[in-house]
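> Got a predicted structure here, sequence first:
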Amino acid sequence: MSALQTLAAETGVHGSVGSIGYGLAAIGPGIGVGIIFGNGTQALARQPEAAGLIRANQILGFAFCEALALIGIVMPFVFGK
């Protein structure tokens, strides 16, 4: 059974392809948020005097990553049936 046939079989029982797509689309922003806060913590440990600038850049990067996740939620509704 090919991957396309498997995906078609899943849509009949467990929901739409959009929900599977969002699950895959959420991986990227999740990894991005982990990288942002991991590197931000390292930067704060190395230069605590730059905490304000580092924190502002972390929040900005987090907002961009979460915007990608929200776009992933909305797209199945936009292109759905």
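Nice, thanks for sending it over.

> For the spatially most central residue of the chain, what is the enclosing helix or strand?
Residue closest to the mean C-alpha point of the chain, counted by Cα atoms, centre = their mean, is P29 at 2.3 Å. Using DSSP states H and E, P29 maps to helix 27-46.

> what packs against that helix?
Here helix 27-46 touches helix 51-79, going by 3 or more Cβ pairs under 8 Å, 6 or more residues apart in numbering; DSSP states H and E. Bear in mind the C-beta positions are built from the backbone N, C-alpha and C, glycine included.

> What are the buried residues along the helix it packs on?
Burial within helix 51-79, assessed by neighbour count using 16 or more other Cβ atoms under 10 Å, is assigned to I54, Q58, G61, F62, C65, A69, G72, P76.

> next one: it to chain centre, how far?
How far helix 51-79 lies from its chain's middle: 8 Å, per Cα atoms, centre = their mean, to the nearest Å.

> just checking, N57 touches N39?
No - using Cβ atoms under 8 Å as the test, N57 is too far from N39 to be in contact (9.8 Å).

> Give the rounded mean pLDDT of the helix holding P29.
For helix 27-46, the mean per-residue pLDDT is 93.

> list the buried ones in it?
P29, G32, V33, I36, G40, A43.

> Residues touching it, excluding its own?
Helix 27-46 is touched from outside by 50-51, 54-55, 57-58, 61-62, 65-66, 68-69, 72, with contacts defined as Cβ atoms under 8 Å, 6 or more residues apart in numbering.

> what about 7 Å?
Contacts to helix 27-46, defined as Cβ atoms under 7 Å, 6 or more residues apart in numbering, come from residues A51, I54, Q58, G61, F62, C65, E66, L68, A69.

> So the fourth one versus G52, what's the distance?
If I follow you right, that is G61. 15 Å (Cβ to Cβ, to the nearest Å).

> Where does the prediction get shaky in this structure?
Low-confidence segments of the chain, defined by pLDDT under 70: 1, 4-5, 7-18, 80-81.

> Go through the contacts of helix 27-46 and name the one nearest S19.
For those, the closest approach to S19 (Cβ to Cβ) belongs to A69, at 14.1 Å.

> hang on, isn't the closest one packed against Y22?
No - here A69 lies out of contact with Y22, judged by Cβ atoms under 7 Å, at a distance of 8.6 Å.
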